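*Asks:* I would like the atomic coordinates for the input below:
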Amino acid sequence: MDRLENIEIFVRVAQTQSFAEAARQLRLARSVVTSRVKQLEEHVGAPLFHRSTRVVRLSEVGQAFLSDCTDLVGRANDIMDQMRGARAGPAGILRIHALTGFVLGHFAALLHEFQVNYPDIRLELIVSDAVVDPVKVGVDCALQIFPAASTELVSRPLFPVRRVFCATPAYLRKAGVPKSPRDLHKHALGLYSGYPTRDRWTFHHGPEHVTLYMNAALLTNSVHLLREYALEHAGIVCLPTLVAGDAILRGDLQVVLPDHLLSSFSLSAVYAGTSRNDFKLRLFIEHIAGAFSKVPQWDADMIAKGILPPDVITD
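*Replies:* Numbering: from 1, shown residues only. Sure thing, here's the model as predicted:
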């Protein structure tokens, strides 16, 4: 077992390219991580890493064995989880990184249901809009709307995330309702800063599309701040419907340019193909996926009321 633990530590150091970060993720002292890697190197009879004060990189021997070691660690953890599951149910820690916009208002009930079904799995949740590599930050899965940061990661789409421009009825009565996308230039705009298209916005109207570059009166990485900004009658904002849906259905916010569609993103579960918590992670992802159809409930409610068209645009 010690040798397998040494291999797992070797894999984590290689993935994070840091002894200190591997120690943090594994909750071990750095001296223990260093000692375990040294033991493995003595057993192999060759250095696994080239070390300097700033860089940790694999040696030729380390590169040759990393893939097999990663598979071994993943398979060993999967077998142990399944053995525990067969006896008394899966147990242990599952670390998740999730988007703020998804977590607030939609996630707590799902987490509670999952814990009722699997009471011995402890969840550790990091909430942030940052795009992360799950391996490097030490989580089992990232729930995000952007592509995986590496080709070594698996990305499983869960549901589409639509975006709309919206404002309060009071603001629109005062400032006027845009009739075309170019009319947005006449308004105070609140925009999310993290989209990969940055200041470039493409609107789809039937077979036609128009691309505009727009400047924001408020540019932020918080979609919830944008919603509050709009509710203060401050301007027109672009929000994902998973954040704006409730306010739109109540009439607090009104969709503008409903026939000019923006492209949608997919909320995806991004994880390493050889996750060390593969069994628990599969249970978690299946639980989340099972809670949503291809049309999330907040979109379905707006489509049923004619607020949104049923069409979804994907890039």
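
*Asks:* right, and Phe19 touches Arg30 too?
*Replies:* Yes. Assessed by C-beta atoms under 8 Å, Phe19 is found in contact with Arg30 at 5.8 Å. Glycine gets a C-beta too; all of them are placed from N, C-alpha and C.

*Asks:* of these two, who's got more company?
*Replies:* Here Phe19 and Arg30 are compared on neighbour count by other C-beta atoms under 10 Å; more neighbours surround Phe19, at 19 against 14.

*Asks:* how close does Glu228 sit to Val177?
*Replies:* 22 Å (C-beta to C-beta, to the nearest Å).

*Asks:* more neighbours, those two?
*Replies:* More crowded of Glu228 and Val177, by other C-beta under 10 Å: Val177, with 15 against 12.

*Asks:* which residues does the more buried one contact?
*Replies:* Going by C-beta atoms under 8 Å, 6 or more residues apart in numbering, Val177 touches Val256.

*Asks:* so it, which state does it fall into?
*Replies:* At Val177 the chain is in coil, as set by DSSP: H, G, I helix; E, B strand; the rest coil.

*Asks:* low-confidence ranges, the stretch 201-315 of the chain, go.
*Replies:* Residues of the stretch 201-315 of the chain that meet the criterion pLDDT under 70 lie in 274-277, 315.

*Asks:* which stretches of it form strands?
*Replies:* Under the criterion DSSP state E, counting those that start in this stretch, the stretch 201-315 of the chain carries strands at the ranges 208-213, 218-220, 236-240, 254-256, 263-272, 313-314.

*Asks:* angle of the fifth one against strand 236-240?
*Replies:* When you say that, I think you mean strand 263-272. 40 degrees (axes from the mean of the first three to the mean of the last three C-alpha atoms, to 10 degrees).

*Asks:* what lines up beside strand 263-272 in the sheet?
*Replies:* strand 141-144 (antiparallel), strand 153-161 (antiparallel), strand 313-314 (parallel) (DSSP bridges).

*Asks:* to Gln25, which of those lies closest?
*Replies:* Proximity to Gln25, assessed across the strands paired with strand 263-272 by C-beta to C-beta, is greatest for strand 141-144 (14.3 Å).

*Asks:* and the closest one, how far from the chain's centre?
*Replies:* 3 Å (C-alpha atoms, centre = their mean, to the nearest Å).

*Asks:* quick thing: my sequence starts at 2, can you match it?
*Replies:* Shifting the count to begin at 2 puts that one at strand 142-145.

*Asks:* alpha carbons only: can I get that strand in PDB?
*Replies:* C-alpha atoms of strand 142-145 as PDB (Å, rounded to 0.1, in the frame of the first residue of the first chain):
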ATOM      1  CA  CYS A 142     -14.700  18.200 -11.200                       C
ATOM      2  CA  ALA A 143     -15.400  21.800 -12.400                       C
ATOM      3  CA  LEU A 144     -18.900  22.900 -13.400                       C
ATOM      4  CA  GLN A 145     -18.200  25.600 -16.000                       C
END
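
*Asks:* buried set for that strand?
*Replies:* 142-145 (16 or more other C-beta atoms under 10 Å).

*Asks:* care to break this structure down by domain?
*Replies:* Domain assignment for the chain by automatic domain parsing gives 3-87, 90-155+267-296, 164-262.

*Asks:* can you check which of the ones you listed gets nearest to Asp312?
*Replies:* Using C-beta to C-beta, these put domain 164-262 closest to Asp312, at 6.5 Å.

*Asks:* distance between the closest one and the chain's centre?
*Replies:* Averaging C-alpha positions (C-alpha atoms, centre = their mean) puts domain 164-262 23 Å from its chain's average.

*Asks:* quick check: next helix or strand after the helix or strand containing Cys70?
*Replies:* Under the criterion of DSSP states H and E, Cys70 resides in helix 61-89. Sequence-wise, the next helix or strand downstream of helix 61-89 (DSSP H and E) is strand 93-99.

*Asks:* what about Thr198, helix or strand, and which?
*Replies:* Thr198 belongs to no helix or strand, assigned by DSSP H and E.

*Asks:* which SS class is the residue lying closest to Ile10 once chain neighbours are set aside?
*Replies:* Spatial nearest neighbour of Ile10, chain neighbours left out: Arg37 (4.6 Å); criterion: C-beta to C-beta, 6 or more residues apart in numbering. In three-state terms, and counting by three-state DSSP, Arg37 is helix.

*Asks:* check the one 3 residues further on too.
*Replies:* When the structure is reduced to helix, strand and coil (three-state DSSP), Gln40 reads as helix.

*Asks:* next: the one 3 residues further on.
*Replies:* Recorded secondary structure, Glu43: helix (three-state DSSP).

*Asks:* now the helices for the stretch 102-251 of the chain?
*Replies:* Remark: helices assigned in the stretch 102-251 of the chain by DSSP state H, counting those that start in this stretch are 109-118, 135-138, 170-176, 224-232, 242-251.
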